[in-house]
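Student: Based on what follows, work out the 3D shape:
(2 chains)
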Amino acid sequence: MTDAFAARPVGPGPLDVDAVHELLSTTFDLVVGTPRVVRRTRLDTFDGRLARAGCRLQHVTETSDERLELAGPAETLVVGVGPDRPRWPVMAERLPAGPLRDEVSRLAGIRALVVRDEGRRLVRRAELRNGDRKIVARVVFDEPSDGGSAEMPVLVLRPLRGYEKETERAWRLVTTLLESVPDDPAPDAADDVAGRHVDPASPAVDLLSDELLDFLTAIRDNVPGAVDDVDTEFLHDVRVAIRRTRSVLKLGRSVLPDGWRATWEPQFKWLGDLTTPVRDLDVYQLELPEMAGWLVAGTDADLELFAQHLDQRRTAARRVLLRGLRGARMRQLLDEWEDSVRATRAAGGRGLPAVALAREQLLRAHRRVVKGGAAIGPGSPAEDLHVLRKRSKELRYALEAFAPVLDEGDVAKAVGDLKGLQDVLGRFQDSEVQRNTLRVFAEEMVADGAGASTLLAMGELVAHLDREQQQARTEFDAAFARYVRPAGERRMRRLYSGGEARR
Amino acid sequence: MKVFATYNIKGGVGKTSTAVNLAYLAAASGRRTLIWDLDPQGAATFLFRVKPRVKGGGRALVSGRRPVDEAIKATDFVRLDLLPADFSYRNMDLELDDAKKRTRRLDQLLSGVADDYDIVFLDCPPSASLVSENVLRAADVLLVPLIPATLSLRTYDQLTRFVADSPKPRPEVVAFFSMADRRKRLHRDVIDAIPRDRGRVADTVVPSLALIEQMAEQRAPVPAFAPGSRAARCYEQLWAEVAP
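Tutor: Numbering: from 1, shown residues only, chains lettered A, B, ... in the order given. Reported below is the predicted structural model:
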């Protein structure tokens, strides 16, 4: 049975509590409480992870009671909030301990909980009791507190376990006066742009301009969270949008306006570089618990100084980042970029169709991956694998950028094929970069007077990364062979040369 | 999931009052709590205003024909559910005797709701029977209310031997004095004389109070209808001593 039933007045107007009361009193013993003003603050991660999981988290404040309610598909979890109430945004770990925190932590992951909307409601609670005066269902009359809110008044009927029949009886009575409220769609579902389709014959410049505007929106949406350091994903998402912008600029050089290459590619490179140091340090901090698990001789405590060092470095790196993100160059860059892209889009595209550019770019990118991979042998230097990683990324970006004009199924599978290879190449390069950076950190920490146990522990981390890189290197041949297997090759051929994209 | 059982071979010592009040406090502290009224008299079931009836009776539950989670009823209190008593529980020894792994059957049944609850209270009938053996197997903590009287000490002695003779794993035994009247010299003497080497004895002493007797009239736990009262505070102290 569902967790709650909701009904609203048929047509505009208030909820007639007296009429509902009278109706339910024919079957149940019903006592309606006094009206109370309740403030509800809906919380979710910035990317709506709770809503996507069908959950709604609310911070509910009323006289003498303050609580968090997590309404999920199966049940509602509640936890009281004490005097040390969280100040939003916070990470889920900061919520009061209990099943609600465990569930929210699982859903939110590394993202902070931010306020999505707030409102005041006038709430009256009632209990439906049977002949033994046992509560068999609960009723909430929930109306806007100012009478003028856009949110409709609503009656919520909550069943109690083991008394479903009584609730069904009550619901039948209620729906003779009110109409059922359809289930809420996940509020952020519309944000999901997966599966967007564009006419393959439309001009490539239009497709790319629209994508560039989407990336710009993502940058603008995420910069405030990155500046406030709400969670590490804001900066990560800024960087993803920058990377995609740079990739589209490169893929579209032949169709985008003359001069963009010289003007905008360096600008977005500057912006990407600005964000790199803090992101790198974020990755170390996020991976620190996992790194502690690598230690064989050392203990978690041996990494405490390393954690402090990362903190100090990050604080310093964030100062530089904030100067950049809040500075005039950033504002000017985004404003002028927006004007430029909008002007290009408004001019109406002509020239090369999107699907033609897609095929041309995919062919080029795919050939570079195959050629680069085939040239790698047992004696190839690490640099060759790094170059191949870059080429694989370019192909991945091309697949994603042109996905709206290509066959959806083929693109998804091609990305899947590529992921296996990218994973191995990523581990190979990341292990090397991290190993080298750890050496730099260790030298800095020696200068700061770090003790032997810290350095020995860091030595263990370096050794682990070295093994990890060797492991990735041994896996490369098999990963590349999987990527160039005939089925994958046929799929890529269909994408860059074969027939109409299936719609 | 942590399982508490309020248990004593002797009747009328405050087992049900303890189970009902502590279960209420556990739920109020945010834990998802279930109380299983194993006593065919159904006192806990009555206190929560639930009908003392399980479809198919104890036989259906023990045999597995009726899943435990289908028999559970919500109480009037958030996060606190009840598995009601049924008069057929008087034959539960016989039903258990017919079951496979007859001393572990209650434990098996509870494992079916382990994901739904953080705390379970078993309100046990007064006896030393196959039901009791099942309770010893299923419970992590045996809460033993004792009236401070000489015979209680004898019963406590029997009970601790019964637990010591039961197969492992055995529950932790936590005794506490209930229905105590410190004005009576005998009560004071017994409280001082209880052997503390056979199990833990809680510091909390639950006195004999009219408010606790009023639970039957109010049909609710003491902290629900008389929050802040001396009786409510006693149960809060006891819960603080034994809560996981």
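
Student: Please count neighbours and contacts with C-alpha atoms only from this point.
Tutor: OK.

Student: which one is residue A:274 nearest to, not counting chain neighbours?
Tutor: Sequence neighbours aside, residue A:321 is the residue nearest to residue A:274 in space, at 6.1 Å (criterion: CA to CA, 6 or more residues apart in numbering or on different chains).

Student: gap between the helix or strand hosting the one you found and the chain center?
Tutor: Of the helices and strands defined by DSSP states H and E, residue A:321 is found in helix A:304-326. Between the centre of helix A:304-326 and the centre of its host chain there is 23 Å, according to CA atoms, centre = their mean, to the nearest Å.

Student: For that helix, name the packing helices and strands.
Tutor: Counting by 3 or more CA pairs under 8 Å, 6 or more residues apart in numbering or on different chains; DSSP states H and E, the packing neighbours recorded for helix A:304-326 are helix A:204-228, helix A:260-294, helix A:408-447, helix A:452-483.

Student: Can you give me every residue that contacts the residue nearest to residue A:274?
Tutor: Contact criterion CA atoms under 8 Å, 6 or more residues apart in numbering or on different chains gives A:274-275, A:278 as the residues in contact with residue A:321.

Student: One more pass at 10 Å, please.
Tutor: A:226-227, A:271, A:273-278, A:314-315, A:327 (CA atoms under 10 Å, 6 or more residues apart in numbering or on different chains).

Student: Enumerate the positions of the helix holding residue A:321 that are buried.
Tutor: Neighbour counts over helix A:304-326 (16 or more other CA atoms under 10 Å in any protein chain shown) mark A:305-306, A:309-310, A:314, A:317-318, A:321, A:324-325 as buried.

Student: Compute the inter-axis angle for the helix or strand just after that helix and helix A:204-228.
Tutor: Past helix A:304-326, heading to the C-terminal end, the next element that is a helix or strand (DSSP H and E) is helix A:328-346. Between the direction of helix A:328-346 and that of helix A:204-228, the angle (axes from the mean of the first three to the mean of the last three CA atoms, to 10 degrees) works out to 150 degrees.

Student: If you count contacts, what does the following helix or strand past helix A:328-346 end up packed against?
Tutor: In the C-terminal direction, the helix or strand that comes right after helix A:328-346 (DSSP H and E) is helix A:354-374. With contacts taken as 3 or more CA pairs under 10 Å, 6 or more residues apart in numbering or on different chains; DSSP states H and E, helix A:354-374 sits against helix A:204-228, helix A:232-251, helix A:382-401, helix A:452-483, helix A:486-496.

Student: Distance from the chain centre to the helix-or-strand element of chain A with minimal mean pLDDT, please.
Tutor: Within chain A, judged by mean pLDDT, DSSP states H and E, the helix or strand with the poorest mean is strand A:76-80; its value is a mean of 83. Averaging C-alpha coordinates over strand A:76-80 and over its chain gives two centres that are 25 Å apart (CA atoms, centre = their mean).

Student: Contacts for it, please.
Tutor: Here strand A:76-80 makes contact (CA under 10 Å, 6+ apart) with A:3-4, A:55-60, A:65-71, A:95-101, A:103, B:28-32, B:78-79.

Student: what do you get if the cut-off is 7 Å, keeping everything else the same?
Tutor: Contacts to strand A:76-80, defined as CA atoms under 7 Å, 6 or more residues apart in numbering or on different chains, come from residues A:66-71, A:100, B:30.
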